[in-house]
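Q: Attaching a predicted model along with its sequence, questions to come.
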Amino acid sequence: MWLLVEWLTSGGYYDGRLALILSYAVVWVPLLGACTFACFVSGTRSLSKDLGLKFTYLDSLFGLSIGLLARAAASITEIAFYGQMNGLGVTFGEVVYDGWWIFGVIVAPIIVAPFVEEIFFRGLVLRTALRISCRMTKRTSVIISVVVSASLFAALHLAEVTNVTSALVVGISTLVFGLASGVLAALTGRIGGSIVAHSTYNGSLILAALLA
């Protein structure tokens, strides 16, 4: 799928809409596939039981708070490296408000991506790390699982970075968010708060970029 996207965007068969769908599918399909495989092969076939896919009112409150705090930390990181906030370089091109624009700017990053990424990183990866390290003390096990899931989460977002400075800014920002989201998931045993935090984190960035 990645090779197909490269072919579409670099050759004479470029289709922006198809490339948009495939660019998200390259990430979403493997992550959802791994979660589905794990639940059906090694779990109870219940996302709620196996991956902690549950929501409470407190999850919404904690998630909103963590998302905003993590976005503030990302802004501080940008100022430290760039001398100003640049929204991690997010741009949207011409604003047309058609279905494709709404999907690419709002639906995908604020609704779908937080769900898919959190169910994988904080649901599958974090819980797997907790199970593997269960013979250690509880605190050590939690620390290891949070760091592992946050590190892989940050690594995923470095795929499209083009220079060292951007890598540092994106890496630090996503790592900080991953650590905060992981702690919330580990303490509550649910990923509902992490999903809300992720939506808030992405949504606040997009809102700031649109208002700039």
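A: On my side now, so go ahead.
Q: Which residues are in contact with the most centrally placed residue in the chain?
A: A centroid search over the chain (CA atoms, centre = their mean) returns Glu117, at 4.7 Å, as the residue closest to the centre. Glu117 is in contact with 27, 31, 153, 156, 198, counting by CB atoms under 8 Å, 6 or more residues apart in numbering. Placement of C-beta: from N, CA and C, glycine included.
Q: the helices in this structure, which residues?
A: 2-10, 16-42, 47-51, 57-82, 99-102, 113-118, 126-132, 138-156, 164-188, 192-211 (DSSP state H).
Q: distance between the second one and the chain's centre?
A: In terms of CA atoms, centre = their mean, to the nearest Å, the centre of helix 16-42 is set 13 Å apart from its chain centre.
Q: what's the angle from it to helix 138-156?
A: Interaxial angle, helix 16-42 versus helix 138-156 (axes from the mean of the first three to the mean of the last three CA atoms, to 10 degrees): 150 degrees.
Q: Can you report how many residues neighbour Gly67?
A: 26 (other CB atoms under 10 Å).
Q: buried subset of the contacts of Glu117?
A: Listed as buried from the contacts of Glu117 are 27, 31, 153, 198; burial here means 16 or more other CB atoms under 10 Å.
Q: Leu18: which of those is nearest?
A: Relative to Leu18, the closest of these is Val27; by CB to CB it sits at 15.8 Å.
Q: OK, contacts around the closest residue to Pro109 other than its chain neighbours?
A: Counting by CB to CB, 6 or more residues apart in numbering, Pro109 lies nearest to Asn202, which is 4.7 Å off, once chain neighbours are set aside. Contact analysis of Asn202 by CB under 8 Å, 6+ apart lists 109-110, 113-114.
Q: how much space between Asn202 and Val105?
A: Applying CB to CB, to the nearest Å, one obtains 10 Å for the distance of Asn202 from Val105.
Q: now Val176
A: Distance, Val176 to Val105, using CB to CB: 24 Å.
Q: picking that back up, output the contacts of Glu117 as CSV; include the columns distance to Thr165 and pLDDT.
A: Converted to CSV, the contacts of Glu117 look like this (distance: CB to CB, whole Å; pLDDT from 0 to 100):
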residue, distance to Thr165, pLDDT
Val27, 24, 87
Leu31, 28, 94
Phe153, 20, 96
Leu156, 19, 90
His198, 24, 97
